[in-house]
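1. Structure, please.
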Amino acid sequence: MSRSRLPLYLGLTAAGAGGYYLYKSGGDVDAAKARAKADAEKARAKLPHTSEAEHKGKEIGNKATAYIDEIVDSAHAKAKDANARAGEGAKESIEKIEKIRQDTAKQMGTTVDKLDRAVEEKASEAKKSISGWFGGSK
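-> Residues are numbered from 1 along each chain as shown. This next block holds a predicted model:
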């Protein structure tokens with residue numbers, strides 16, 4: 001298997017850069033370090049600034065926040081609507097239960113009246129038949 005040549009290339013690049021800065025500074029190591037730092041600062045200055053990245057980050061954050069707020073508001077509105085519909089449904093259910101209760105009470109009252117009449121009729125018949133046993137008139 002062949003080994004990666006990337007470490008070799010990186011090492012050669014670093015050695016070449018070090019040689020370049022040493023040559024430019026006339027062999028003075030401290031001057032080479034200073035020149036390398038100065039070049040690094042120039043390169044960093046050409047890169048996008050942190051403030052731009054911060055601005056982009058804030059912009060994306062604001063968009064995300066607005067999107068999340070929109071979703072939360074939508075969910076809240078849907079929940080409110082569902083709650084209102086549930087309240088209407090509960091009111092209708094209560095009205096239906098009340099009507100059924102009243103109808104049942106009427107039917108029970110009618111049934112009790114019929115039963116009461118039937119009991120009274122049977123009681124009067126029984127009274128007549130008992131009176132007949134003891135010689136009473138019908």
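2. mind checking how far the lowest-mean-pLDDT helix or strand in the chain is from the chain centre?
-> When each helix and strand of the chain is scored by mean pLDDT, DSSP states H and E, helix 50-133 comes last, with a mean of 82. Mean-position distance between helix 50-133 and its chain equals 26 Å (Cα atoms, centre = their mean, to the nearest Å).
3. Mind giving me the packing neighbours of that helix?
-> Using 3 or more Cβ pairs under 8 Å, 6 or more residues apart in numbering; DSSP states H and E, no helix or strand is in contact with helix 50-133. Quick note: C-beta positions are derived from backbone N, CA and C, even for glycine.
4. Distance check, Val72 against Ala66.
-> Using Cβ to Cβ, to the nearest Å, one obtains 11 Å as the distance from Val72 to Ala66.
5. Same question for Lys24.
-> Remark: distance between Lys24 and Ala66 (Cβ to Cβ) = 52 Å.
6. Please say which of these two ends up with more neighbours.
-> The neighbour count for Lys24 versus Ala66, taken as other Cβ atoms under 10 Å, is higher for Lys24 (14 against 10).
7. can I assume the more buried one is in contact with Lys33?
-> No. With contacts counted by Cβ atoms under 8 Å, Lys24 stays clear of Lys33, the gap being 11.8 Å.
8. which residues does Lys42 contact?
-> Under the criterion of Cβ atoms under 8 Å, 6 or more residues apart in numbering, Lys42 has no neighbours.
9. so it is in which element?
-> Take DSSP states H and E as the rule and Lys42 turns out to sit in helix 29-46.
10. What residues of that helix count as buried?
-> Neighbour counts over helix 29-46 (16 or more other Cβ atoms under 10 Å) mark 32, 35-36 as buried.
11. quick one on the thing from earlier: who touches both of Lys24 and Lys33?
-> The contact sets of Lys24 and Lys33 do not overlap (Cβ under 8 Å, 6+ apart).
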